[in-house]
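Asks: Give me the fold of what follows.
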Amino acid sequence: MEEKNTRRGTAAENAGDALSESLIPIHSRAVDRSNAMEEPARPSEPLVPPLVLAVYIACVAGAGALANCSVLAALFKSARNGLSAIIIQLALADFALIGTSISPELWAWNARKWHFGSIGCSAYRGLNVFASTASSYLIVTIALHTLAIFNLEEKLIKRRNKRSHPDDDEMRSSQHSLVANSDSSTPPRTMHVDYRLAETKVPVTPPSAFVWVLSASLSIPEFTLATTIHEDHDYVLCTSVDTNHRVNMQTMLAIFDLVLPIIIMSVAGALVVNKLKSKKLYEIYNYESIAALKLSFWLIIVYSVFCVPRSIASVYHVYSVSKSVNEISPIDQIPKDYTTAVIRLAFSGIYLAATVIRPLLCIFMTPSLKNVFCVRDVNMDCV
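Replies: Residues are numbered from 1 along each chain as shown. Have a look, this model is predicted:
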């Protein structure tokens, strides 16, 4: 009996040891799974089929290039003013975004690795900052320029109204004296002044020069410090080599490329809406000024809907990654998480669509461009 009890005790102990040993691997596997979730493996599959993305890039980028070429050709042929000069610069910035910034970005983020070499990395990162900064501040310049023109025309209206009252009194008195002192029935001669011909020009060279100088200044660090890093045998990373000041650089870019344009556009958009709702709007003779106000408003809307999400997602990704990685390790611009990568790919695709919408707005809302592209009837009137 004692021997049987001893065997039973030994069997129970062995069963307990086996159970404890079987539980240890389960716990370790759970820990390994949590670690694997914290540090996902490098993805190798593209987010969307490359053929689908290639068709999208070809269609949208081709349409954007064609629309911007049409705008440039029409403005170079027609008489140019301050607004036309800014639109030309905006079209050139869109060309840079289409060819060297957004299209390579879409392809690299879909493949989730960089394919265009070290020189392509430097060109992409530098021109991305240069063109995106220029396009955002040129939209701001258009809004401020149209507001300045509108304010000048409002002042001309006030001057006209002030001069009209004394002129009416003087004309009435002169008519009375002529009727009383003259035997002829010839009516008095009066002169009408067309205030539409008055000087309402606003210089665009200083703000345009400021935009391009600011864009070049912000892009110089990206041009000089961008490079490729081979983390694995098949994974190439396009990033900046200066990891010690990366947070300061990204903060500066976030302020000048995102925060300031949003603030200025919000204020300018509110002023434009106020002008469009003003009762003095119908007293403006120059309908081109009203069309320019509407164009600036819709350009701000397009920027807010199509461009701001990409910038916010980029800034959020950089700051979130910089808190979780080592201070001396480079920041991977391409997200490892599938959902985040898909969202950022969609935002970049929407950003590319903005390069098509902007020139179309300029064509349909600017009278000088609309007259070039409109279909004319027998009487040579636009239909």
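Asks: Can you pull the poorly scored residue ranges out of the chain?
Replies: Counting by pLDDT under 70, the ranges of the chain that qualify are 1-44, 79, 164-200, 232-233, 242-246, 280-286, 322-336, 375-383.
Asks: all strands of it, in order?
Replies: 226-230, 236-240 (DSSP state E).
Asks: Who are the packing partners of the last one?
Replies: So the one you mean is strand 236-240. helix 117-181, helix 205-225, strand 226-230 (3 or more CB pairs under 8 Å, 6 or more residues apart in numbering; DSSP states H and E). (C-beta placed from N, C-alpha, C; glycine too.)
Asks: Report how far apart the opening and closing residues of stretch 295-309 are.
Replies: The first and final residues of stretch 295-309 sit 21 Å from each other (CA to CA, to the nearest Å).
Asks: What residues of it count as buried?
Replies: Within stretch 295-309, the residues that qualify as buried are 295, 296, 297, 298, 299, 300, 302, 303, 306, 307, 308, 309, counting by 16 or more other CB atoms under 10 Å.
Asks: Was I right to think the second one contacts residue 150?
Replies: Translated: residue 296. No. Counting by CB atoms under 8 Å, residue 150 is not a contact partner of residue 296; they are 10.0 Å apart.
Asks: Let's have the buried residues of stretch 295-309 in JSON lines, adding distance to residue 264.
Replies: Listed next are the buried residues of stretch 295-309 as JSON lines, based on distance: CB to CB, whole Å:
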{"residue": "295", "distance to residue 264": "17"}
{"residue": "296", "distance to residue 264": "12"}
{"residue": "297", "distance to residue 264": "14"}
{"residue": "298", "distance to residue 264": "17"}
{"residue": "299", "distance to residue 264": "13"}
{"residue": "300", "distance to residue 264": "10"}
{"residue": "302", "distance to residue 264": "16"}
{"residue": "303", "distance to residue 264": "11"}
{"residue": "306", "distance to residue 264": "18"}
{"residue": "307", "distance to residue 264": "14"}
{"residue": "308", "distance to residue 264": "13"}
{"residue": "309", "distance to residue 264": "19"}
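Asks: Between those, which sits nearest residue 144?
Replies: For the buried residues of stretch 295-309, the minimum distance to residue 144 (CB to CB) is 8.5 Å, reached by residue 296.
Asks: Now do the same contact list for the closest one.
Replies: By CB atoms under 8 Å, 6 or more residues apart in numbering, residue 296 lies in contact with 139, 142, 143, 146, 147, 268, 272.
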